[in-house]
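Colleague: Predicted structure and sequence below. I'll ask about it afterward.
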Amino acid sequence: MAPGADKKLTGLVAATFTPFTPQGEINLPVIGPYIDYLREKQGVKNVFVNGTTGESMSLSLEERKQLAEEWCLRAHGKLEQVIVHVGCMSVKDSQELARHAAQIGVDGIAVISPSFFKPKSADTLRTFLKEVASVAPNLPFYFYHLPAFTGVNIPGRDVLEGIEKLIPSFRGVKFSGNDLMDFGLCASYSKPSWSVLYGIDEQLLSALVLGANGAVGSTYNYVGRHAKDLISAFENGDLVQAKAIQFKLQELLSYAIKIGFDVGVNKQLMSEISGIRLGPPRLPVEPCSSAHAQSIKQKYTSIFP
C-alpha cells in the first residue's frame with residue numbers, strides 16, 4: 001500500500017479515459033501528459049482508473065494491469081490518490097486484479113457488481129465484494145454502485161448494511177445512481193472513516209447537501225476547476241454561487257445528452273478541450289466525429305468563456 005493510502009478520499013476524483021492508439025491499442029505514453037493536465041489545468045489530484053469511463057469491461061486483464069501500473073508510476077509525487085477499479089464478471093479475475101493492485105501500491109480498489117449473472121440479493125453482492133477484498137486486505141476498498149449499467153437494482157444502502165464486519169478494509173462507496181434518497185441513506189449510515197462519493201456530475205450539489213465527501217466523474221477531466229469552485233462555494237455557505245455553477249454544468253450536459261453523449265463522445269470531447277490525443281473508443285462503443293465533439297465544445301466555451 002502506498003504511503004498515506006488510508007487517507008480519507010475527499011474532493012474531486014477524475015474518472016479517467018483509457019488512451020488508445022489509432023489502431024486501438026492502449027497508449028501508455030499519453031498518461032504522463034494526461035496527469036499533468038489534470039493537476040495543472042483542472043486542479044484535480046485524485047483519479048479513478050479502469051472504470052466505466054475507462055472502458056474497463058472492454059479491456060483485457062493484462063491491459064488493465066498495464067494501465068494501473070502506468071497510472072501509479074506517473075502519478076507518484078503529482079497526484080494524491082490513484083483508485084483502481086478491479087471489478088469483473090468473474091470473481092477470480094477480480095481477485096487477480098486486486099492482488100496486482102496491492103503489489104503496485106495503488107491507494108485503493110473499487111468493485112462494481114457483476115452484470116451478466118447478477119446477484120439476487122444484497123447478501124450475495126456483499127459476499128462477492130468480500131471475496132475480492134479478502135485477497136488485498138490492506139487496501140482501502142470501495143463499492144462501485146452503478147445500477148443503470150449493471151441492471152442490479154439492489155439499493156446501495158442495503159449493500160452497506162454490516163459491510164464493515166465482512167470487509168474490515170471497507171472505506172466507502174462510489175454512488176453513481178439517480179436515487180438521492182438511497183444516496184442520503186448511504187451517507188447517513190456511513191462511518192466517519194468512509195468516503196461517500198457521488199457519481200452523477202449534473203447533480204453534484206444535491207449530493208453535497210446530503211453529505212457527499214467528494215465526487216467521481218468523467219466530466220471532471222475537463223470541468224474540474226468549475227466543479228471545484230462549486231464545492232468551495234458550498235463549503236463557504238454561498239449557495240447562490242454553488243447553484244449558479246451547477247446550473248451551468250447542467251446546461252452543458254443537457255445539451256450534450258440531447259445531441260448524443262456516450263463514452264465515445266465524452267472521450268472525443270476531452271481530446272478537443274484538453275488537446276490530449278486519447279484516440280478512439282473500443283468496440284462496441286462507436287467513435288465520435290470531431291465535428292460532433294466540436295459542437296459540444298462550442299457550447300462549453302459559451303458557458304465557461
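Modeller: Thanks, I have it. Residues are numbered from 1 along each chain as shown.
Colleague: going forward, measure contacts and count neighbours with C-alpha atoms only.
Modeller: Fine.
Colleague: all helices of the stretch 151-300 of the chain, in order?
Modeller: Listed in chain order, the helices found in the stretch 151-300 of the chain under DSSP state H, counting those that start in this stretch are 156-160, 163-166, 180-189, 204-209, 220-235, 239-259, 263-274, 290-303.
Colleague: Looking at those, spot the one closest to L146.
Modeller: Among the helices of the stretch 151-300 of the chain, helix 156-160 comes nearest to L146, with 9.3 Å by CA to CA.
Colleague: Just name whatever secondary elements the closest one is in contact with.
Modeller: For helix 156-160, the packing partners by 3 or more CA pairs under 8 Å, 6 or more residues apart in numbering; DSSP states H and E come out as helix 122-133, helix 180-189.
Colleague: Select, out of those, the one closest to G237.
Modeller: helix 180-189 (19.9 Å).
Colleague: Reformat the helices and strands packed on helix 156-160 as TSV; add distance to E164 and mean pLDDT.
Modeller: TSV is the format used below for the helices and strands packed on helix 156-160 (distance: least, CA to CA, whole Å; pLDDT from 0 to 100):
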stretch	distance to E164	mean pLDDT
helix 122-133	10	98
helix 180-189	11	98
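Colleague: Most tightly packed of those?
Modeller: helix 122-133 (a mean of 20; mean count of other CA atoms under 10 Å).
Colleague: Work out the sheet partners of the helix or strand just after it and label each with its direction, please.
Modeller: From helix 122-133 onward toward the C-terminus, using DSSP states H and E, the following helix or strand is strand 141-145. Partners of strand 141-145 in the sheet, by DSSP bridges, are strand 108-112 (parallel), strand 170-175 (parallel).
Colleague: Same list (those strands) but as a markdown table, adding mean pLDDT, distance to A242 and mean neighbour count.
Modeller: A markdown table is the format used below for the strands paired with strand 141-145 (pLDDT from 0 to 100; distance: least, CA to CA, whole Å; neighbours: other CA atoms under 10 Å):
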| stretch | mean pLDDT | distance to A242 | mean neighbour count |
| --- | --- | --- | --- |
| strand 108-112 | 98 | 29 | 27 |
| strand 170-175 | 98 | 21 | 26 |
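Colleague: E286: which of these is closest?
Modeller: That would be strand 108-112 among the strands paired with strand 141-145, by CA to CA, at 23.3 Å.
Colleague: How far does that closest one sit from its chain's centre?
Modeller: 10 Å (CA atoms, centre = their mean, to the nearest Å).
Colleague: Can you give the contact residues for that strand?
Modeller: With CA atoms under 8 Å, 6 or more residues apart in numbering as the test, strand 108-112 has contacts from 5, 81-88, 94, 98, 101, 129, 139-146.
Colleague: So which of the strands paired with strand 141-145 is nearest E272?
Modeller: That would be strand 170-175 among those, by CA to CA, at 27.5 Å.
Colleague: Check the offset of that closest one from the chain's centre.
Modeller: Using CA atoms, centre = their mean, the offset of strand 170-175 from its chain centre is 11 Å.
Colleague: Then stretch 198-209?
Modeller: Worked out by CA atoms, centre = their mean, stretch 198-209 lies 13 Å from the chain centre.
Colleague: Right, I'll leave it there.
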